[in-house]
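In: prediction below, plus the sequence it came from.
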Amino acid sequence: MLKDHLLFFEGFLKNFESVGSFCSTTRWAARELCAPLLNPSRAAANILEVGAGTGSVTLPIIRSLRAGDSLTICELEPTFMTALKQKIASADQVIPPGIEISYFEGPIQELPEVTRYNYIICSLPFLNFPPDLTAQIFEKFKRIAAPDANLTYYEYFGLRAIGKHFPIKDRQKRFSEIDIFFQNLHHTSLKTRTNVWRNILPIHVYSLDLR
Ligand SMILES: C[S@@+](CC[C@H](N)C(=O)[O-])C[C@H]1O[C@@H](n2cnc3c(N)ncnc32)[C@H](O)[C@@H]1O
C-alpha cells in the first residue's frame, strides 16, 4: 500500500501534467466511478478503464465484473502499468470466472478502435491538458462507444472555476476554453453529478451518456 503511494507520488513528480494528482483516489471515489457497473440488471459488457494509475479504481472495477464481461485497462505510464499488472496477478482470486482482461500501455488516443465499449471509466486529469487534447479524447470516446455507452469521470471541486481567474493570462485562457468545452458537453450528455467528499481533494463524479 505504502509502496503504491510512493510509486504514485514519484510518477506525479516526474510527470505532473499527465498524472495530475499527488495521490490516488480513495475507495469512496472509486466506488462512485464504478457505480454503473453495479446495476443488477445490466448485461455482460465491454468495459474500458482510462488512466488506471496504480489501480485504485481498477480493483473495485474488477470486483464489479461478472461472467461475460471484458475489461480493457489503458495507462500511459509504464511503471504504473507494471505495478498494476503485478497487483492484478496477485489478486487473482478477486477475478470472477468468465472475465477477460487486457491491457493497453500508451495514450488512450492510440487505443486501436476494434471494440465498442458499454462502460468507460476515466480518471484523466483533463484540467491539466490543452483543450484540443481533451476534445480529441472525447471524440475518441464517442468513436469507441457502444450505442448505450456510459462514461464516468471525475473533476476536483471548484478547480475549473478557480482556474478561470488565475492571474496568468495563458492559464486563464486555457481554463476558460476547457470550461466552455465541459459546459457544452454537460449540456448535451450529463446524466448525473455526484459529490464525493471522502477523497484527498473532494471530487465531482460525472456520469455521461455518450450517444
Ligand atoms: C489522476 S491519475 C488517476 C490514477 C488512478 N486511476 C486514480 O484514480 O487514482 C491519471 C492517470 O492517467 C494517466 N494518463 C494521463 N494521460 C493519459 C493518456 N493520454 N492515456 C492514458 N493514460 C493517461 C496517468 O499516467 C495517470 O496514471
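Out: Arrived safely, thanks for sending.

In: and whichever strand or helix holds Ile178, C-alpha only, in CSV?
Out: Taking DSSP states H and E as the criterion, Ile178 maps to helix 169-189. Taking Å, rounded to 0.1, in the frame of the first residue of the first chain, the C-alpha atoms of helix 169-189 are listed here in CSV:
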residue,chain,number,x,y,z
LYS,A,169,-3.3,35.1,-18.9
ASP,A,170,-2.4,31.8,-20.7
ARG,A,171,-3.8,29.7,-17.9
GLN,A,172,-6.9,31.8,-17.7
LYS,A,173,-7.5,31.3,-21.4
ARG,A,174,-6.9,27.6,-21.2
PHE,A,175,-9.3,27.1,-18.3
SER,A,176,-11.9,29.3,-20.0
GLU,A,177,-11.7,27.1,-23.1
ILE,A,178,-11.9,23.9,-21.0
ASP,A,179,-14.8,25.3,-19.1
ILE,A,180,-16.7,26.1,-22.3
PHE,A,181,-16.0,22.6,-23.6
PHE,A,182,-17.3,20.9,-20.4
GLN,A,183,-20.3,23.1,-20.1
ASN,A,184,-21.3,22.2,-23.7
LEU,A,185,-20.6,18.5,-23.1
HIS,A,186,-22.6,18.5,-19.9
HIS,A,187,-25.5,20.4,-21.6
THR,A,188,-25.9,17.6,-24.1
SER,A,189,-24.8,14.4,-22.3
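
In: so for that helix, what's the average pLDDT?
Out: Looking at helix 169-189 alone, the average pLDDT works out to 92.

In: who touches that helix?
Out: 126-127, 129-131, 134-135, 138, 155, 160-161, 163-166, 206, 208-211 (C-beta atoms under 8 Å, 6 or more residues apart in numbering). In this view, the C-beta of every residue, glycine as well, is placed from N, C-alpha and C.

In: just the buried residues of it, please?
Out: Residues of helix 169-189 classed as buried: 174-179, 181-182, 185, 189 (neighbour count, 16 or more other C-beta atoms under 10 Å).

In: now do the contacts for Ala43.
Out: 68, 118 are the contacts of Ala43 under C-beta under 8 Å, 6+ apart.

In: re earlier: and the contacts of helix 169-189, which are buried?
Out: Using 16+ other C-beta under 10 Å, the buried ones in these are 126-127, 129, 131, 134, 138, 155, 160, 163, 206, 208, 210.

In: enumerate the residues of the chain near the ligand.
Out: Within the chain, the positions near the ligand by C-beta under 6 Å from any ligand atom are 18-21, 24-25, 50-53, 56-57, 74-77, 80, 107-108, 123-125.

In: now, which of the residues you listed lie within strands?
Out: The strands, defined by DSSP state E, take in 50, 74-75 from the residues of the chain next to the ligand.

In: ok, and the most crowded of these?
Out: Within these, most neighbours by other C-beta atoms under 10 Å means Glu75, with 27 neighbours.

In: dig out what that residue forms beta bridges with.
Out: Glu105 (DSSP bridges).

In: quick one: which of the buried ones among the contacts of helix 169-189 is nearest to the ligand?
Out: Ranked by distance to the ligand (C-beta to the nearest ligand atom), those are led by Phe129 at 7.7 Å.
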